[in-house]
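Undergrad: coordinates only, sequence not included:
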């Protein structure tokens, strides 16, 4: 490259730098629409126009609706209260959000979420011409592990990751030393719970049933404690104590 060519390249580079600097100066302090404007004429700046046109509600405030049936809503994103056709276990007057998606022209997916309780239900209108047109609402469950371990001793309080009264339900996974794997679920408003398991020997063993019980104390909502953990053995001839205990494996909270 000779001196003349080098000089031309430097001038062109400087011109490009000046243009770029002018663009930055033009938008200094601008945010949102003042930067690129609304893509009303097919020019969306950083965003493809077809994407904006089909999904613009993702970037706007949800539309307020009330007193209408959720099944009749068109595709879009809404917030609402006092709606018709909501889940039976939802609160009528509670504010909620609704997401509606249409596929294959008349098939519909509806997601209904109550803000205060943070509970979500889903319904699929997959066969709108059928009777019934759907299988009803299904609540989408979210759970959190509050404790994990292998506890069988009594009077050894265990600290939970969160208080149980932050959750709607509590589920407990446990097992017996004879190998039974067990599960129970109860309303978080309960402060005591009795776990049970039984073991019946297979063919060829002594005809007996080992029945095990463990009592849990959850009055301190941030802890749980086994207050009793014992078993009895039943045979054709007698009833007596058995050295079998239940083992608590995991405690979950369900929203």
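TA: Yep, it's here. On a predicted model such as this, the values are computed, not experimentally measured, just so you know.
Undergrad: low-confidence ranges in this protein?
TA: For the chain, the stretches with pLDDT under 70 are 1, 24, 26-49, 51-57, 177-178, 201-207.
Undergrad: quick one: the helices in it?
TA: Using DSSP state H, the helices of the chain run over 3-26, 33-36, 49-55.
Undergrad: burial check on residue 96, number of neighbours?
TA: By other Cβ atoms under 10 Å, 24 other residues sit near residue 96. (Each C-beta comes from the backbone N, C-alpha and C, glycine too.)
Undergrad: that should have said residue 200, apologies.
TA: The tally of other residues near residue 200 (other Cβ under 10 Å) stands at 12.
Undergrad: so how far is residue 217 from it?
TA: Taking Cβ to Cβ, to the nearest Å as the measure, residue 200 falls 29 Å from residue 217.
Undergrad: quick check: bridge partners of residue 254?
TA: On the basis of DSSP bridges, residue 254 is bridged to residue 143, residue 169.
Undergrad: surely it and residue 168 touch.
TA: Yes - counting by Cβ atoms under 8 Å, residue 254 does reach residue 168; the two are 5.8 Å apart.
Undergrad: name the residue in these two with the higher neighbour count.
TA: A count of neighbours by other Cβ under 10 Å puts residue 168 above the other of residue 254 and residue 168, at 17 against 14.
Undergrad: separation between that one and residue 99?
TA: Here residue 168 is placed at a distance of 22 Å from residue 99 (Cβ to Cβ).
Undergrad: cool, residue 240 as well?
TA: Counting by Cβ to Cβ, the gap from residue 240 to residue 99 is 60 Å.
Undergrad: tell me which of the two has more neighbours.
TA: More neighbours surround residue 99 than the other of residue 240 and residue 99, with 18 against 10 (other Cβ under 10 Å).
Undergrad: what's the closest non-adjacent residue to the more buried one?
TA: Spatial nearest neighbour of residue 99, excluding adjacent residues (Cβ to Cβ, 6 or more residues apart in numbering): residue 111 at 4.3 Å.
Undergrad: give the buried residues for the strand ranked longest in the chain.
TA: Scanning the chain for the longest strand, with DSSP state E as the assignment, gives strand 223-235. By neighbour count on 16 or more other Cβ atoms under 10 Å, the buried set for strand 223-235 is 224, 225, 226, 229, 230, 231, 233, 234.
Undergrad: over to stretch 136-156?
TA: Neighbour-count burial for stretch 136-156, counted by 16+ other Cβ under 10 Å, picks out 137, 146, 147, 151, 152.
Undergrad: and of those, the nearest to residue 160?
TA: Nearest to residue 160, judged by Cβ to Cβ, of the buried residues of stretch 136-156 is residue 146 at 4.3 Å.
Undergrad: next one: the closest one relative to residue 95, how far apart?
TA: Distance from residue 146 to residue 95, by Cβ to Cβ: 28 Å.
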